[in-house]
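Chemist: predicted structure and sequence below. I'll ask about it afterward.
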Protein chains: 2
Amino acid sequence: MSRFLREKYMSMEPYTPGEQPQMKDLIKLNTNENPYPPSPKVISAILEGNTGDLLRYPDPEAKELVDAVAEYYGVSPKNVAVGNGSDEILAFVYMAFGEKVYFPSISYGFYPVFAETFMCDFEPIPLDDELKIVPDDYIGLDGTIILANPNAPTGMTLDPGAIEDIVKTNADHLVVIDEAYADFGTQSSIPLTEKYDNVLVVQTLSKSRSLAGMRIGLAIGPEEVIEDINKMKFSFNPYNLDRLAIRAGAAAIKDDEYFKKTRDMVIETRGWFTEKMRELGFTVLESKANFVFCKPDKISGTEYFEELRKRAVVVRHWDKDPIRDYVRITIGRDEDMQRLIEVTEEILCEKVK
Amino acid sequence: MSRFLREKYMSMEPYTPGEQPQMKDLIKLNTNENPYPPSPKVISAILEGNTGDLLRYPDPEAKELVDAVAEYYGVSPKNVAVGNGSDEILAFVYMAFGEKVYFPSISYGFYPVFAETFMCDFEPIPLDDELKIVPDDYIGLDGTIILANPNAPTGMTLDPGAIEDIVKTNADHLVVIDEAYADFGTQSSIPLTEKYDNVLVVQTLSKSRSLAGMRIGLAIGPEEVIEDINKMKFSFNPYNLDRLAIRAGAAAIKDDEYFKKTRDMVIETRGWFTEKMRELGFTVLESKANFVFCKPDKISGTEYFEELRKRAVVVRHWDKDPIRDYVRITIGRDEDMQRLIEVTEEILCEKVK
């Protein structure tokens, strides 16, 4: 820390991204990336597009991408904002609307960090004993509500009716639904954004569109809320998406067939993998995301995480209550999950001896 | 504006980027882009690099780019931060160090916007009658100082000794030198960052490296100041540079030969163009940037700007004191500047009639 840092940031704790380990023959299942590459049309858009124009600033409105998203979801371009990953969109949300913020105590680890960054008064709301969000706890609050649906790292979803009740009973406050993982089997709340003026849906192309490496996030919501998000962007970094990201994002959104194919592959793998893990004695929460949150029955979560790591299988573990006993496993390719199961059998076998 | 926006942002005025007009046969000299394409090695790095890895998050430390910059400038990687354009770096600077900020009243138009965005107390310091920064006005101030060198939109530089005096007499405050345009003939203040712990240099690859479309900014400074900037980044958007930007940026920094060649071409064009404009009766400030700031003697700045625009030549004009009579003209290719001169002769000729 330098002696010039503003006092208010002295105690701020930055977010810790999931590690990007550099091991040989690593099976990397720790940051919820898609195991399949981006659509061939995305690659063509990058490789066959004009590169001479990289000398020019990108379009600060990112019209090509905004229009593609609007068309895909059947909304007006005025209902769409785009950002440098959904993290940046969420940052703008906290900045613009974060006077007071509520979110689940166990959820995306960046939520409390954003709150500190933007000096928001915030209150994490505990999950129930089954690690579920309790919708009743969000009825009639006095601040902005941020809900990941499905929630991370549990993968469990909220009932659409429950979300609508939260929106209706918080008419004076914005309800933000973070749908980073919704494409893998959760009903989107986008229809609510057309019915109510206090709902915003945030999505990312990092997971279901295999573009974590290109940093593209979206927000869909009422025109005035989108205007406010863009006001933050134009007061912070107007050219936040580079030319190749705009191009790649638009191509990804347009290739719906590829998206559905790879999404279905992930869902299918999640299905058999969940079953198999349960057979091995794991408690596996009902996931609608591209990861599962699970707990071994014979060893601790910490031990399981460490033993996997020794065998070059990296998953994510949080050494804190009440999720210390669980690990979060990203759904990879069939062969990756097969390998994880073999390794798990090996670990459990050694422990029984 | 939505009814959810935080009160403190209600009156904030976002930055207005230079327009990106869509005219046929346009000569675009309004946003200080480089007229030459990025290095062929940058294009190869994008086109021949692995695209399969776009499914993975980029390296949040952007090591490949940080290392390239450190090697190029002969500093440690710990002295380098990178961002999504120098705008994002500047945003982090204001956020981290902006309790109170001083900058010239005529300078980069984003400086006061950042101050509003991050709730900084700020004081613009007037230029002298010749539109020069008066170094004495920056001696012994009580806040962070932001100086563009060369200054925008004048293109005039500060004497290195004057900068060192400012740094020395403000030992308790950070002095930030924004060198967006320094590559075109201004002595860099990077050596000062090794001598003093209160100087930070900010640069961009948008101008001298022809990569406006890829959004890459740098900061070079004392390790603790760099740590603070990265603390802001990791509390806001850790994956701010996508994989292709990191790759392109590193390749651009490494191709010094191409950089020098295109830079020299811009400098040469600036030389003859300045002379020719003076012959046409313009006052042209002594520019060390890739643009010139100039004033016609027979018509107003506003009229000149508008007449150029009618003829599909777009430059930048600010309708405010004391620079209303000037226009800022980006240095393009020889043929662009030749065309601008022809058009200018035409405009002046019509006015004389």
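Modeler: Received the coordinates, thanks.
Chemist: tell me where chain A has strands.
Modeler: With DSSP state E as the criterion, chain A has strands at A:27-28, A:80-83, A:100-104, A:121-125, A:144-148, A:175-178, A:199-204, A:217-220, A:283-284, A:291-295, A:313-314, A:327-330.
Chemist: tell me what angle the third one forms with strand A:121-125.
Modeler: Here strand A:100-104 runs at an angle of 20 degrees relative to strand A:121-125 (axes from the mean of the first three to the mean of the last three Cα atoms, to 10 degrees).
Chemist: nearest residue to A:Tyr258 other than its sequence neighbours?
Modeler: Among residues not flanking A:Tyr258 along the chain, A:Ser39 sits closest, at 4.0 Å (Cβ to Cβ, 6 or more residues apart in numbering or on different chains). Yep, even glycine has a C-beta here, placed from its N, CA and C like the rest.
Chemist: A:Tyr13 touches A:Phe114, doesn't it?
Modeler: Careful, residue A:13 is Glu and not Tyr. No. Taking contacts as Cβ atoms under 8 Å, A:Glu13 lies outside contact range of A:Phe114: 11.8 Å.
Chemist: so those two - more neighbours on which side?
Modeler: A:Phe114 (26 against 11; other Cβ atoms under 10 Å in any protein chain shown).
Chemist: count the residues that sit near the residue lying closest to that one once chain neighbours are set aside.
Modeler: Nearest non-adjacent residue to A:Phe114, counting by Cβ to Cβ, 6+ apart: A:Tyr94, 4.1 Å away. Residues within reach of A:Tyr94, counting by other Cβ under 10 Å, total 27.
Chemist: so the helix ranked longest in chain A versus strand A:291-295, what angle?
Modeler: In chain A, assigned by DSSP state H, the helix with the most residues is helix A:256-279. Using the same axes, to 10 degrees, the inter-axis angle of helix A:256-279 relative to strand A:291-295 is 10 degrees.
Chemist: neighbours around A:Asp67, how many?
Modeler: Around A:Asp67 there are 15 residues (other Cβ under 10 Å).
Chemist: ugh, typo on my part, it should be A:Val176
Modeler: 26.
Chemist: enumerate the residues of the stretch 201-350 of chain A near chain B.
Modeler: Counting by Cβ under 8 Å from any Cβ of the partner chain, the stretch 201-350 of chain A comes close to chain B at A:206, A:210-215, A:222, A:224-225, A:227-228, A:231-245, A:248.
Chemist: can you pull the contacts of A:Leu308?
Modeler: Shown in contact with A:Leu308 (Cβ atoms under 8 Å, 6 or more residues apart in numbering or on different chains): A:Val314, A:Val315, A:Val327, A:Leu340, A:Val343, A:Thr344, A:Ile347.
Chemist: for A:Tyr326, same thing?
Modeler: So A:Tyr326 contacts A:Pro153, A:Phe293, A:Cys294, A:Lys295, A:Gly301, A:His317 (Cβ under 8 Å, 6+ apart).
Chemist: change it to 10 Å
Modeler: Shown in contact with A:Tyr326 (Cβ atoms under 10 Å, 6 or more residues apart in numbering or on different chains): A:106, A:131, A:153-154, A:282-285, A:292-296, A:301, A:304-305, A:316-318.
Chemist: how far away is it from chain B?
Modeler: The spacing between A:Tyr326 and chain B, counted by Cβ to the nearest Cβ, to the nearest Å, is 22 Å.
Chemist: excluding chain neighbours, what is closest to that residue?
Modeler: Per Cβ to Cβ, 6+ apart, closest to A:Tyr326 is A:Lys295, 4.8 Å.
Chemist: tally of neighbours for the one you found?
Modeler: Quick note: A:Lys295 (other Cβ under 10 Å) scores 20 neighbours.
Chemist: hang on, isn't it packed against A:Phe282?
Modeler: Yes. Assessed by Cβ atoms under 10 Å, A:Lys295 is found in contact with A:Phe282 at 6.3 Å.
Chemist: got any residues that touch both of those two?
Modeler: Joint contacts of A:Lys295 and A:Phe282 (Cβ under 10 Å, 6+ apart) are A:Tyr304, A:Tyr326, A:Val327.
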